[in-house]
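Student: Compute the structure for the input listed below.
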Amino acid sequence: MALALIAGAAAPAVAQAGGAPPPGPAAPAQATGPAAPTKAPATAAKAEGTSGAHALPLFPLRVRWSTELDGPPSATLATDGTRVFVPLATGGVIGVTAETGALVWKAEVSTTVAPAVADGHVYIVGGDALQALEAATGRAAWRVPLSSGISAPLVARSGWVIGALDTGEVVAWRGDDGTEVWRQKVGAPVVAAPAINGERLYLPGADGLVRALQIKTGAPIWTTSLGGSIVTIAPLGARVYVGSTDNFFYCLDDDKGRVRWRWRAGADPVGAAIADDDRVFFSSLDTMVRALDRGHGAQRWRQPLPWRPRTGPLRVGNTLVAAGIALDLRGYALDTGKPVGEFALTENRLEVLEGLPVVITRAALPGDYLVAAIADGRLVALEHAFGLPAKPLTDIPGEKIAITPPS
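Tutor: Alright, predicted model coming up:
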């Protein structure tokens with residue numbers, strides 16, 4: 001796998017988060033143990049990189065550091081911004097420092113599911129159990145058994161850990177001690193990563209249904225039926241962007257789940273969408289990455305990719321990053337699609353990237369950078385080669401993180 005990079009000045013993000021949510025009800029009977037963390041005020045989430053006219057581009061690239069692993073990764077990387085967490089095919093999960101790639105710890109728990117990271121913990125599905133490790137040390141914090149296998153990646157945020165089981169159940173645990181807060185049976189297995197935004201949990205279903213639930217109780221808020229299995233979901237502000245196997249990319253109103261607009265792609269959308277103030281960006285299996293108007297869905301631009309993408313785009317500073325099956329890195333201008341550069345890790349271009357890279361945000365020069373796993377068993381950090389003034393981190397438009405922690 002390799003990356004295409006679409007570079008250019010992105011519009012500055014504007015937060016659309018509302019006021020602080022009201023306090024939640026008393027804890028359900030099964031939720032015992034230490035008190036939940038204090039609820040944070042309503043703010044927007046930090047962006048995956050800087051934005052605005054002075055944001056640093058990713059090109060030209062250089063290797064910041066390279067680290068040899070004991071073996072290839074067994075699942076996609078995760079990060080807390082300070083450390084990068086790598087599940088290994090040879091067994092175990094390691095934590096390395098994002099600054100230098102040096103090994104910090106290794107935990108003897110094996111997984112083929114991407115870890116979830118939040119609130120100082122790394123959450124891992126290992127065998128028939130969900131385990132929490134301390135992000136700083138790798139020490140086990142808690143472990144709870146799973147009644148069946150996991151059908152989609154874990155999601156963790158603001159004290160919650162959400163797991164979708166292959167029986168069609170969705171389970172919410174308290175992140176600090178593993179207490180089960182609620183369990184909800186839905187009509188079909190969740191087939192892509194759920195998403196949390198504000199007080200809501202969004203579930204993409206194999207039955208073509210998009211479900212919005214209350215994060216505190218699992219109670220349904222709305223359900224919308226679309227034309228195919230839901231393969232990607234991204235709640236951003238007052239909109240929920242959804243990709244379906246009917247080859248459409250949908251924009252739903254977050255109030256009642258109504259379809260506001262849809263865009264027909266040449267093949268299924270893949271991976272989660274991302275957005276700036278004006279545009280929403282998504283990849284599809286017809287080897288395209290597109291920018292659509294967030295308000296009415298008109299296409300702003302499209303860029304053919306040299307390979308089929310394997311996930312949705314990332315954002316690094318003012319560069320959009322798409323991952324696919326190829327052997328090098330390529331860059332395109334964000335506004336026009338013109339090629340702006342390419343990069344190969346070695347002359348023969350035989351590297352194969354494993355899973356989606358992670359973005360490390362950094363206000364200091366030379367700005368945000370990527371950490372990628374190579375299938376031959378290496379971690380590589382790639383950063384901008386020179387150094388331009390970087391603005392402080394700004395907000396993803398409207399992505400609310402002030403949710404009520406489990407109690």
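Student: Would you check how far apart residue 241 and residue 173 are?
Tutor: From residue 241 across to residue 173, the span is 27 Å (C-beta to C-beta, to the nearest Å). Just so you know, the C-beta spots here come from the backbone N, C-alpha and C atoms, and that holds for glycine as well.
Student: Residue 87 too?
Tutor: From residue 87 over to residue 173 (counting by C-beta to C-beta), the distance is 20 Å.
Student: what's the answer for residue 272, then?
Tutor: 22 Å.
Student: out of those two, which sits in the busier spot?
Tutor: More neighbours surround residue 173 than the other of residue 272 and residue 173, with 26 against 22 (other C-beta atoms under 10 Å).
Student: okay but the more buried one is in contact with residue 180, surely?
Tutor: Yes: Residue 173 is within contact range of residue 180, at 5.6 Å (criterion: C-beta atoms under 8 Å).
Student: overlap in contacts of these two?
Tutor: residue 144 (C-beta atoms under 8 Å, 6 or more residues apart in numbering).
Student: which residues does the residue nearest to residue 193 when sequence neighbours are not counted contact?
Tutor: Among residues not flanking residue 193 along the chain, residue 153 sits closest, at 4.3 Å (C-beta to C-beta, 6 or more residues apart in numbering). Counting by C-beta under 8 Å, 6+ apart, residue 153 touches 113, 114, 116, 193.
Student: Can you classify residue 153 by secondary structure?
Tutor: coil (DSSP: H, G, I helix; E, B strand; the rest coil).
Student: Please report how far residue 165 lies from residue 217.
Tutor: Shown here: residue 165 relative to residue 217, a distance of 18 Å by C-beta to C-beta.
Student: scratch that, residue 309
Tutor: 36 Å.
Student: And for residue 305?
Tutor: In terms of C-beta to C-beta, residue 305 sits 42 Å off from residue 217.
Student: What ranges in this structure fall below the confidence cut-off?
Tutor: Scanning the chain for pLDDT under 70 picks out 1-57, 324-329, 331-338, 340-341, 345-354, 386-405, 407.
Student: one more time with 80
Tutor: The chain contains residues with pLDDT under 80 at 1-59, 307, 316-319, 322-356, 363-366, 375-376, 386-407.
Student: tell me, what residue is most central in it?
Tutor: Residue closest to the average C-alpha location in the chain (C-alpha atoms, centre = their mean): residue 272, at 7.2 Å.
Student: so what's that one up against?
Tutor: Contacts of residue 272 (C-beta under 8 Å, 6+ apart): 193, 195, 232, 233, 234, 312.
Student: List the pairing partners of the helix or strand that contains it within its sheet, with orientation.
Tutor: Using DSSP states H and E, residue 272 sits in strand 269-275. Using DSSP bridges, the strands paired with strand 269-275 are strand 279-284 (antiparallel).
Student: Great, nothing more from me.
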